[in-house]
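Visitor: sequence isn't available, so here's the structure alone:
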């Protein structure tokens, strides 16, 4: 398999799957969520189970041929919708969980429920974001921009597990991983830099298979070969990282928002990791395209 | 004075100053530094004292009329050059200190020297970066992307002193300040958010004169009115912040590099604050334009 370099490639790939996967959508009462779901149904790669309230005036105009692939289960409030949607995935009635217009905290509480939730024992729950930008000729995987505030070593190992697995799923067999920091110096003043040294050793011992890993590196040395040359730094990732391990949620969140604001025509996708099934947890601000991309990314993981 | 919205406005304004200011340049042995210095001499707003080694083949071709405004003081090594350049500013022989191809740590050690250094008693040393981007119709002031790792309350107060003074210097009489965080929630899990609450109170009590301040805000709510509307958040800064107070150096550094990498045609300037005189501490990777902009910004402060 050659590497998937854009979301359009990714969507095309998912469309070739033999079987539709089922998505349980919790409160698709905002138009972006519902439109995204209808698009993936229409593209032929999904069957949707809408749980709770649906955006007004959308379902009435669905073409008849799609109706077979859309179910609706009512729910009186957010809590019930979340419980029902999670239960459907838990019971194998759906393979993917998707958040609509419901508070992330509410949905996550049900996802983490010990009886009917989607938690894998002892697994670290983390977040992956993937960006396509005009500036880079590849998809860029970021972890973690939304869930873990200040990752400890165990959580960083989980982030490397999830991101390298994701990279291979999109056809990057030997992913380049940059461990991000504000400078290239290893210093005990910044404990993440000594964690990075340990991670590099484990990587060299083969923990994540064939990868190229380097850090601490700043953002420009991680993704700009020009910056690397200019700073006269030699890095195995050659300024072409596929994966950026972010120092913490503050830096992660700033990078996520900054690419959205400043990189023209950028699009993204995101997923929760560490659960039994993929969870699409895009936010209210996200476009229909981002939600469709996220569902395609989730489908790769089913 | 109307607000300066671009570096070209800024440079024009500085060119109208009646008197040339004097810059002591420490080790102008890289071409970018030396070219930037020659440009500001040519533009008429500076007199340069080059301390240490100069880039080869540049000084030989200087037009005769500029020679009166360029001096050269030799120095055998980085330490001596740094000591001499700092001393010149300390003694009032120059008003601005500029770093050339010398390690920041070396120069800063001399800047902080108690006998001939440029430290103001008890002052917090911090860093200001200013960006011009196509996306925003104004200059954006960031603090701190390079010096203070994890600012405490006292250091944040200093950052607000420096950034609001800078904003007024470029004609923004009532600056809009966003206190950045990964979400809009105030939570004891993130002590910076409770610091932000205190800063807002002090701002309301008039500590920084007429300003509009809000936070915690994420980057998109700070600089995008559209994101603010979409998230249904009401903010006094209206998605039009002039000043971004960054959570920490990791987030600051990522934003600085990210704007450089992803925002087309962006240019910047940066300065050290808290010293008796402006210190231009741009890095090796910076363009000639960035160095010229930084000198213009420094000139405003003399």
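Guide: Structure received. These numbers were taken from a predicted model, which means no experiment stands behind them. Numbers count the residues shown, from 1 in each chain, chains lettered A, B, ... in the order given.

Visitor: which parts of the helix or strand bottoming out on mean pLDDT in chain A are buried?
Guide: None of the helices or strands of chain A scores lower by mean pLDDT, DSSP states H and E than helix A:64-67, at a mean of 86. Within helix A:64-67, no residue counts as buried by 16 or more other C-beta atoms under 10 Å in any protein chain shown. All C-beta spots, glycine's among them, are computed from the backbone N, C-alpha and C.

Visitor: which other helices and strands contact it?
Guide: In terms of contacts (3 or more C-beta pairs under 8 Å, 6 or more residues apart in numbering or on different chains; DSSP states H and E), helix A:64-67 is packed against helix A:31-42.

Visitor: could you check how far the closest residue to chain B within the stretch 1-150 of chain A is from residue A:265?
Guide: Here the stretch 1-150 of chain A gets closest to chain B at one residue, residue A:135, 6.1 Å apart by C-beta to the nearest C-beta. To residue A:265, residue A:135 is 10 Å away according to C-beta to C-beta, to the nearest Å.

Visitor: those two: which is more packed in?
Guide: More crowded of residue A:135 and residue A:265, by other C-beta atoms under 10 Å in any protein chain shown: residue A:135, with 17 against 8.

Visitor: need the mean per-residue confidence for the longest helix anywhere in chain A.
Guide: In chain A, taking DSSP state H as the definition, the longest helix is helix A:153-169. Averaging pLDDT along helix A:153-169 gives 97.

Visitor: which SSE is immediately downstream of that helix?
Guide: Where DSSP states H and E defines the elements, the next helix or strand beyond helix A:153-169 is strand A:176-180.

Visitor: quick one: that next one near chain B?
Guide: Yes. Strand A:176-180 reaches chain B (C-beta under 8 Å from any C-beta of the partner chain) through residue A:180.

Visitor: assign the residue with the largest distance to the centre of chain A to helix, strand or coil.
Guide: Centroid-distance maximum for chain A: residue A:232 at 33.2 Å, with C-alpha atoms, centre = their mean. Three-state assignment for residue A:232 (DSSP: H, G, I helix; E, B strand; the rest coil): coil.

Visitor: can you check the one 3 residues further on too?
Guide: Three-state assignment for residue A:235 (three-state DSSP): coil.

Visitor: what's the helix or strand following the least confident helix or strand of chain A in contact with?
Guide: Next helix or strand after helix A:64-67 toward the C-terminus (DSSP H and E): strand A:70-73. With C-beta atoms under 8 Å, 6 or more residues apart in numbering or on different chains as the test, strand A:70-73 has contacts from A:38, A:41, A:47-52, A:54, A:59, A:62, A:84, A:88.

Visitor: among the residues you listed, name the buried ones.
Guide: Burial by neighbour count, judged by 16+ other C-beta under 10 Å, picks out A:38, A:41, A:47-52, A:54, A:84, A:88 from the contacts of strand A:70-73.

Visitor: closest one of those residues to residue B:34?
Guide: In terms of C-beta to C-beta, no member of the buried ones among the contacts of strand A:70-73 lies closer to residue B:34 than residue A:38, at 60.9 Å.

Visitor: and for the closest one, nearest residue in space, chain neighbours not counted?
Guide: Sequence neighbours aside, residue A:62 is the residue nearest to residue A:38 in space, at 6.7 Å (criterion: C-beta to C-beta, 6 or more residues apart in numbering or on different chains).

Visitor: distance of the one you found relative to residue A:72?
Guide: Computed as C-beta to C-beta, the residue A:62 to residue A:72 distance reads 11 Å.

Visitor: follow-up on the earlier one: return the set of buried residues in the longest helix of chain A.
Guide: For helix A:153-169, the neighbour count (16+ other C-beta under 10 Å) marks A:155-164, A:166-168 as buried.

Visitor: near chain B at all, it?
Guide: No. Helix A:153-169 stays out of contact with chain B when judged by C-beta under 8 Å from any C-beta, the minimum separation being 14.4 Å.

Visitor: what's in contact with that helix?
Guide: A:123-124, A:126, A:128, A:130, A:141, A:143-144, A:148, A:151, A:175, A:177, A:195, A:198-199, A:202-203, A:207-209, A:211, A:242-243, A:245, A:273-274, A:297, A:300-301.

Visitor: mind redoing it with 7 Å?
Guide: Residues from elsewhere that reach helix A:153-169 (C-beta atoms under 7 Å, 6 or more residues apart in numbering or on different chains): A:124, A:126, A:128, A:141, A:143-144, A:148, A:151, A:175, A:195, A:198-199, A:208, A:211, A:242-243, A:245, A:273-274, A:300-301.
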